[in-house]
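Trainee: Pasting a predicted model and its sequence here:
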Amino acid sequence: MKAVSTIEGRAIPLGLKNIDTDVIIPAHWLKTVSREGLGEGAFETIRATPGNPFDVEDFAQAPILIAGDNFGCGSSREHAAWAMLDMGLAAVIAPSFSDIFAGNAFKNGILAVELPQEHVDRLLEVAKEQPITIDLENQVVTTPFQDRFAFEIDPFRKRCLLEGLDEIGLTLGSESAITQHEQTRGGALPWLDKPQRREAA
């Protein structure tokens, strides 16, 4: 997983409430187990509407999405996070998130920033013309107009994102302790180990 520290750039000012996972990535895109190519179907129904923010040239390759309340509600499909990553998004700012989506976003290295509605409204306005910066280390969102909005994040999730640690990375970080445990267990509880298969005579 790619480490996340500072995310800076244009932010797509979506602002819509109750964007569910079927809007993020429609069900007919779920026939694959690959993460590649899902960005093409991300927000398909919104992008089909003329004048939508995803079609604005200034927001091409934008790393940040600004959304409304209850972002990521609906099903538990992890494809939603995969699709957002594939289209280049590294962070989402919203007043609230579905717990399942927030968990999937974290596990895939997407930073979910929760801010009060008035702060989100201000960022939606700024995003129309200016870039936004998210500083994870200091837990603050800033703008060129000296806006400074602090946000909370679980310390464990913050550490994992800063260090680029997914579940495999966390496990590998304890490799020496795991090896030592397996060696100790093998001597004390040998019956737990698989018996050696006898060669046929």
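Mentor: On my side now, so go ahead. These numbers come from a predicted model, not from an experiment.
Trainee: got a list of what residue 70 touches?
Mentor: Taking Cβ atoms under 8 Å, 6 or more residues apart in numbering, we find residue 70 in contact with 17-19, 94, 96-98. In short, each C-beta sits where N, CA and C put it, glycine included.
Trainee: should've said residue 122
Mentor: Contacts for residue 122 (Cβ under 8 Å, 6+ apart) come out as 143, 147, 149.
Trainee: what do you get if the cut-off is 10 Å, keeping everything else the same?
Mentor: The contact partners of residue 122, taken as Cβ atoms under 10 Å, 6 or more residues apart in numbering, are 115-116, 141, 143, 145, 147, 149.
Trainee: can you list the residues you listed in JSON lines and add distance to residue 163 and secondary structure?
Mentor: JSON lines is the format used below for these (distance: Cβ to Cβ, whole Å; DSSP: H, G, I helix; E, B strand; the rest coil):
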{"residue": "115", "distance to residue 163": "24", "secondary structure": "coil"}
{"residue": "116", "distance to residue 163": "29", "secondary structure": "coil"}
{"residue": "141", "distance to residue 163": "21", "secondary structure": "strand"}
{"residue": "143", "distance to residue 163": "27", "secondary structure": "coil"}
{"residue": "145", "distance to residue 163": "32", "secondary structure": "coil"}
{"residue": "147", "distance to residue 163": "28", "secondary structure": "coil"}
{"residue": "149", "distance to residue 163": "24", "secondary structure": "strand"}
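Trainee: low pLDDT regions in the protein?
Mentor: 167-183, 185-187, 191-201 (pLDDT under 70).
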